[in-house]
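Q: fold the following.
(chains A and B)
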Number of protein chains: 2
Amino acid sequence: MIKIIVDCFGGDHSPEANVDGAIASLKSLSDLHLILSGDEAALQRCLEGKDYDRSRVEILHAPQVIGCDERPTDVIRLKRESSMIKAIRLLRDDDSVAAMVSTGSTGALVAGALTRLGRLRGVIRPAFCPILPTMNGGIVGVCDSGANVEVTPEHLRQFAIMASLYMENVYGISRPRVALLNVGKEAEKGDELRQTAYRLLEQTAEINFVGNMESRDLLSGSYDVVVADGFSGNVLIKSTEGAAIELLGKLKKDIYSKFIYKVGAALMSRMFKQEKEFMNYQNYGGSVLLGTSKVVVKGHGSSKAVAVQKCIEQAYKMQVSALAGKMEDVICRYEHYEQ
Amino acid sequence: MIKIIVDCFGGDHSPEANVDGAIASLKSLSDLHLILSGDEAALQRCLEGKDYDRSRVEILHAPQVIGCDERPTDVIRLKRESSMIKAIRLLRDDDSVAAMVSTGSTGALVAGALTRLGRLRGVIRPAFCPILPTMNGGIVGVCDSGANVEVTPEHLRQFAIMASLYMENVYGISRPRVALLNVGKEAEKGDELRQTAYRLLEQTAEINFVGNMESRDLLSGSYDVVVADGFSGNVLIKSTEGAAIELLGKLKKDIYSKFIYKVGAALMSRMFKQEKEFMNYQNYGGSVLLGTSKVVVKGHGSSKAVAVQKCIEQAYKMQVSALAGKMEDVICRYEHYEQ
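A: Purely as a prediction, here's the structure:
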């Protein structure tokens, strides 16, 4: 039996999408048990009339709601009765609970998890690892992408180990190709942090380090894991997403500018739908926090039921693959390097 | 009379495109004088039979050629007789020469210019400032984007001042909106560098500082100048360009996958051509190095004649607008803060 908490508030389509995604995941995973966190009356209303195994669902009543503009530190301090913070607390305190899924504020979730949950043995800094689709139909993970704005070379090595094991165990990629985000391909590129990290990564036998990656190659399909400090990793994923969204938006606007374009686009509508699906976050599951004592998966704020379901399945897979133990095992081999 | 050196080798379409671009710029700017640097015989062949004012063109013979995989430091040390390094040397030594345009290796050009040319009065670190098109038809400059991988808050303030004056004087944008690249909009986001820089930028009356920018908003049209350290600025522009190129490439591939899509695309061919033009570097001139004692403009490696012409006109405009003096003037007001 794998027990996972689903934070049912804080997303654009909460709580309906979260509850529906939860119910769907119960059907696909027979030994899954769920705790839904949020306002009990609202959750009961969403569950009403739905077909699911009641013995495998509990509710964690949490009456407070987090506003979208609240600062992460305020949320942790002042919103102790919110669905997110109560979920984090239960995750920390209840040994039988394996993981948590949330579609709420990324900042609050990361800050809450980092301050409230412990770390895996040997891990200096947990890191955030979102997944992006590559142009050849694969995926790439970027670790870290926001949890740590200042890092050391040893932190970067740990990110590489954790993300590599994650891609292998959850996505079935064997010997993931790990690259270091840098301003050029050559080993001596970048600042001292990058140069030292390059040498450390080269010396880490447990990962398949393939050298530096320039940011323009993120979507090329040549890499499975990109290691970065949280600042530039964040810039990398957000500018990539931003450019894709802006460009598709421009295309759409331009299509509507002339009748003949609309006709052309109608003939291509199936293709455009596929491109939209391809770019859709919902299809790639959530971003995970790697290195915390328990599994935390962050779904996109705009997650619909299917995306929430994917996040739950992702958390489940992290747990059943015993990823945490594997990460501790490799990281502790290098623990004497800890700074 | 404004005298500009054009490095005629090192681009994908060199020397023909460089020479043709040079000739075109002579026609549009009547007080322009050009020095073409490169192998004399090859340049004479390109000039042969062309209609231009011979009294306004000189040749600087430079027999050595720079290979595409050569390291910038090796180029500077070993390729002293190359068109790029001879051009930098002449720019440094000849007071009558105002500027230089090159389509050769960015690394070698930046390294050569930084080590060989002096800096403007008060400037601690020159910075690289490319221009990107925004989705509403405008442009945005990113400064720095590669010349300085490690910076201080005071460096960032200087980048803001220089890039702001550049956008105003060369592109006619009045009171350019200056943003600081960060991982969130709030003033307290990011590391100590960003937090301190935020306060310094707020206190700089000569610029129109509008706060932090998240990288996903680069192309939104809400900003005219984005200030960044050279590492994350480089990640920002290259991942934005990379995502746009990969996405358009995928669209093209998908269009060819079905007959009906090809028909649709044919109806939209004019629109696709416009999108391609819109994304085309060639239309936005080159990236400039701000803060060196003389003007240096770097055109894209794939520049054709029209792009080279735009780079020459850009260098010309920087010179006639007396940008250097304006930058020195503002920067020196803050010189006592220099670290």
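Q: partners of the residue most central in space within chain A in the sheet?
A: For chain A, A:S287 is the residue whose C-alpha lies nearest the centre (Cα atoms, centre = their mean; 0.4 Å). Following DSSP bridges, A:S287 is listed with bridge partners A:K298.
Q: is it true that it touches A:S145?
A: Yes - the pair A:S287 / A:S145 is scored as a contact, 7.5 Å apart, by Cβ atoms under 8 Å. In this view, the C-beta of every residue, glycine as well, is placed from N, C-alpha and C.
Q: now for the two: what residues contact both?
A: Residues touching both A:S287 and A:S145 comprise A:128-130, with contact defined as Cβ atoms under 8 Å, 6 or more residues apart in numbering or on different chains.
Q: ok, those vs chain B, which is closest?
A: Distance to chain B, by Cβ to the nearest Cβ, is smallest for A:F128 among the shared contacts of A:S287 and A:S145, at 11.1 Å.
Q: what is the host helix or strand of the closest one packed up against?
A: Remark: A:F128 resides in strand A:127-129, with elements defined by DSSP states H and E. Packed against strand A:127-129 by the contact rule (3 or more Cβ pairs under 8 Å, 6 or more residues apart in numbering or on different chains; DSSP states H and E) you find strand A:139-143, helix A:153-171, strand A:287-290.
Q: quick check: longest helix of chain A.
A: Criterion DSSP state H: the longest helix present in chain A is helix A:230-255.
Q: any residue of it touching chain B?
A: Yes - using Cβ under 8 Å from any Cβ of the partner chain, helix A:230-255 comes into contact with chain B via A:230-232, A:234-236, A:238-251, A:254-255.
Q: wait, A:G21 sits on A:A315?
A: No - at 11.8 Å, A:G21 and A:A315 do not qualify as touching, with contact defined as Cβ under 8 Å.
Q: for the nearest residue to A:V295 once chain neighbours are set aside, helix, strand, or coil?
A: The shortest distance from A:V295 to any non-neighbouring residue, by Cβ to Cβ, 6 or more residues apart in numbering or on different chains, is to A:A99 (3.6 Å). Of the three states, A:A99 takes strand according to DSSP: H, G, I helix; E, B strand; the rest coil.
Q: number of nearby residues for A:A99?
A: Number of residues near A:A99 (other Cβ atoms under 10 Å in any protein chain shown) recorded here: 23.
Q: might you report the residue contacts of it?
A: Neighbours of A:A99 in contact, by Cβ under 8 Å, 6+ apart: A:2, A:4-5, A:91, A:294-297, A:315-316, A:318-319.
Q: now, which of these lie within strands?
A: Judged by DSSP state E, the contacts of A:A99 include A:2, A:4-5, A:295-297 as members of strands.
Q: now neighbour count and pLDDT too, for those, in a markdown table please.
A: Formatted as a markdown table, the ones in strands among the contacts of A:A99 follow (neighbours: other Cβ atoms under 10 Å in any protein chain shown; pLDDT from 0 to 100):
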| residue | neighbour count | pLDDT |
| --- | --- | --- |
| A:I2 | 18 | 96 |
| A:I4 | 25 | 98 |
| A:I5 | 28 | 98 |
| A:V295 | 25 | 95 |
| A:V296 | 29 | 97 |
| A:V297 | 26 | 97 |
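Q: on that earlier part again, could you identify the helix or strand that succeeds the longest helix of chain A?
A: That would be, after helix A:230-255 and using DSSP H and E, helix A:259-267.
Q: distance from the chain centre to the helix or strand following that following helix, please.
A: As assigned by DSSP H and E, the chain's next helix or strand after helix A:259-267 is helix A:269-279. Distance of helix A:269-279 from the chain centroid (Cα atoms, centre = their mean, to the nearest Å) equals 23 Å.
Q: and the contacts of helix A:269-279?
A: Identification of contacts with helix A:269-279 by Cβ under 8 Å, 6+ apart yields A:133, A:244-245, A:248, A:265, A:283, B:250-251, B:254-255, B:257-258, B:261, B:264.
Q: so which of those residues sits lowest on pLDDT?
A: Across the set of the contacts of helix A:269-279, A:N283 stands lowest in pLDDT, at 74.
Q: how many residues are close by that residue?
A: 12.
Q: again, but for A:A163
A: Neighbour count for A:A163, taken as other Cβ under 10 Å: 26.
Q: quick check: beta-bridge partners of the closest residue to it other than its chain neighbours?
A: Closest residue in space to A:A163, ignoring its immediate chain neighbours: A:C143 at 3.8 Å, by Cβ to Cβ, 6+ apart. A:C143 has the following beta-bridge partners by DSSP bridges: A:V227.
Q: what's the next secondary structure element after the helix or strand harbouring A:L200?
A: Assigned by DSSP H and E, A:L200 falls within helix A:192-202. Counting by DSSP H and E, the next helix or strand C-terminal to helix A:192-202 is strand A:208-213.
Q: chain center to that next one: distance?
A: Strand A:208-213 sits 22 Å away from the centroid of its parent chain (Cα atoms, centre = their mean).
Q: would you mark the buried spots in the helix-or-strand element of chain A with minimal mean pLDDT?
A: Least confident helix or strand of chain A, by mean pLDDT, DSSP states H and E, is helix A:269-279 with a mean of 81. For helix A:269-279, a neighbour-count test (16 or more other Cβ atoms under 10 Å in any protein chain shown) marks A:271-272, A:275, A:278-279 as buried.
Q: return the member of those nearest to chain B.
A: Checking those against chain B by Cβ to the nearest Cβ gives A:M271 as the nearest, at 5.2 Å.
Q: A:M135 versus that closest one, what's the distance?
A: Going from A:M271 to A:M135 by Cβ to Cβ, to the nearest Å gives 15 Å.
Q: cool, A:S82 as well?
A: Separation of A:S82 from A:M135 (Cβ to Cβ) stands at 39 Å.
Q: and the two? Which one has more around it.
A: Counted by other Cβ under 10 Å, A:S82 and A:M135 do not tie: A:S82 has more neighbours, with 27 against 17.
Q: tell me who's in contact with the more buried one.
A: By Cβ under 8 Å, 6+ apart, the residues touching A:S82 are A:9, A:62, A:64-66, A:75.
Q: quick one: low-confidence ranges for the stretch 1-150 of chain A?
A: Within the stretch 1-150 of chain A, not a single segment meets pLDDT under 70.
Q: can you give me the helices for it?
A: Per DSSP state H, counting those that start in this stretch, the stretch 1-150 of chain A carries helices over the ranges A:16-28, A:40-47, A:72-78, A:83-93, A:106-116.
Q: need the residues of the stretch 101-250 of chain A near chain B, please.
A: Residues of the stretch 101-250 of chain A that fall close to chain B, judged by Cβ under 8 Å from any Cβ: A:107, A:135, A:146, A:149-150, A:181, A:183-184, A:186, A:190-191, A:194, A:214-220, A:230-232, A:234-236, A:238-250.
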